[in-house]
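Participant: this is the structure alone, sequence omitted:
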């Protein structure tokens, strides 16, 4: 599926990662583009061709203003040729959009559509402009027209209905898409959000109950109904609906995402553990959802340590997971139980996978120092500072590890650098001064050591 709303986040990420080159083309690409455009042009003057291809070149290196100047000259040289003027206006609209001059871009694209109303490329470009302008009312009729050529745009239309608060139309189209394309996590999330926004929970419940009566085999209707009952705080009805779904569809995996909590609440531990295991092994349940279940499972085991062996079995189902979140949760659990070596093994696996997780990095470093793994702590803290260069705690932990290994000069350099990033945290500030005292004592500079001892003593800590 290639709808705008589907790929928008990926597009934004691409812009952030490759902004300097997003419109860049090498000479071969530019020649190919020029040849393609040239095929679409009628008989043109040398002046038109020269200015038009100059515009393409300037756009290719992101000189949009210069491209617009060249297009103005090309349009003048077109001598009223309708087709060539349309080509120029299309290019003009694209350059204006790149400059975020959306109102002008809209007018350019509309000028093209006056003579070429069926031009899909122009319609898509105009849709992009309306989206950037957040003019969703104008986008709706355009998307309806695009749907005639590509039904993937129906999902865009759902989003536009949602954004313009036409919730009934959005829900109707969501049902139609589910019937045609099958269920989707994205559309289910959108449907639930509409239920929340409208506050029409009772109406939504009635609608779902009627749909289940007509077609009791449709799994998603049960899941939506379970969600709505849970939102209302009617746990009993939600639980009953979940058990009804399991009875009708005993192979359902998704139902166990709801069932395990109900089982835990009624004290049916074995059934809860069975549902959790099904969730962990399920192929159709997203990893993010499994992480939530894992967190609940860890809390349960924390209160019921006799089930710790079950947790160890669950760990194996996440051995190939590439998210630091899982290992962080497991590390926190084992650290709380005093099993520091086991906790550190999970923390280190997580830190290697999730280098942007500051809390995970900090906890890993603290445990490395606690377990006297100073070389590892130095390496990890230096790597972490590459990602978080303004975190004073990382400089402190690097300084502590270097002090423990007798690297006084390196410790001092790190600690003095970290002082520049200290915020209003007296306890951490005192730790900095204590470590600087230790480093200067090791270097045999008692006067400097004494000065930092005084600074540390002057800091008053609240109880």
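Facilitator: Cool, the structure landed. What you see is a predicted model; the values in this text were computed from it and never measured.

Participant: any idea which element residue 430 lies in?
Facilitator: helix 426-443 (DSSP states H and E).

Participant: now the helices for the stretch 201-350 of the chain?
Facilitator: Secondary structure of the stretch 201-350 of the chain (DSSP state H, counting those that start in this stretch): helices at 201-214, 219-231, 235-248, 256-265, 269-281, 287-303, 308-316, 324-336, 340-353.

Participant: what residues does the fourth one touch?
Facilitator: By C-beta atoms under 8 Å, 6 or more residues apart in numbering, the surrounding residues in contact with helix 256-265 are 223, 226, 230, 235, 238-239, 242-243, 246, 269, 271-272, 275-276, 278-279, 282, 285, 289, 293, 296, 300. Any C-beta I mention is one placed from the backbone N, CA and C, and that applies to glycine too.

Participant: likewise the fifth one?
Facilitator: Contacts with helix 269-281, where a contact means C-beta under 8 Å, 6+ apart, come from 253, 256-257, 259-261, 263-264, 285, 289-290, 293-294, 296-297, 300, 304, 307, 310, 314, 317-318.

Participant: same question, the longest one
Facilitator: Residues lying outside helix 287-303 but in contact with it, judged by C-beta under 8 Å, 6+ apart, are 257, 260-261, 264, 272, 276, 279-280, 282, 307-308, 310-311, 314, 318, 321, 323, 325-326, 329-330, 332-333, 336.

Participant: can you say which of those are buried?
Facilitator: 257, 260-261, 264, 272, 276, 279-280, 282, 310-311, 314, 318, 321, 323, 325-326, 329-330, 332-333 (16 or more other C-beta atoms under 10 Å).

Participant: which phi and psi does residue 388 have?
Facilitator: Dihedral pair for residue 388: phi -120, psi 70, per degrees, to the nearest 10.

Participant: residues near residue 179, how many?
Facilitator: 9 (other C-beta atoms under 10 Å).

Participant: name the secondary structure element that contains it.
Facilitator: helix 167-181.

Participant: again, but for residue 414
Facilitator: helix 408-419.

Participant: who does that helix touch, helix- and strand-wise?
Facilitator: helix 392-404, helix 426-443 (3 or more C-beta pairs under 8 Å, 6 or more residues apart in numbering; DSSP states H and E).

Participant: of all the ones you listed, which one is nearest residue 195?
Facilitator: helix 392-404 (42.9 Å; C-beta to C-beta).

Participant: tell me the contacts of residue 344?
Facilitator: Taking C-beta under 8 Å, 6+ apart, one finds 331, 364, 367, 368, 371, 373 in contact with residue 344.

Participant: for stretch 340-348, buried residues please.
Facilitator: Applying 16+ other C-beta under 10 Å to stretch 340-348 flags 342, 343, 344, 345, 346, 347, 348 as buried.

Participant: so the second one is in contact with residue 328, correct?
Facilitator: No. With contacts counted by C-beta atoms under 8 Å, residue 343 stays clear of residue 328, the gap being 10.2 Å.

Participant: ok so, going back, tabulate the helices and strands packed on helix 408-419 (TSV), appending distance to residue 134, mean pLDDT and mean neighbour count.
Facilitator: Output for these, formatted as TSV (distance: least, C-beta to C-beta, whole Å; pLDDT from 0 to 100; neighbours: other C-beta atoms under 10 Å):
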stretch	distance to residue 134	mean pLDDT	mean neighbour count
helix 392-404	40	96	24
helix 426-443	44	94	19
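
Participant: reformat these as JSON lines; add distance to residue 200.
Facilitator: JSON lines is the format used below for the helices and strands packed on helix 408-419 (distance: least, C-beta to C-beta, whole Å):
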{"stretch": "helix 392-404", "distance to residue 200": "48"}
{"stretch": "helix 426-443", "distance to residue 200": "51"}
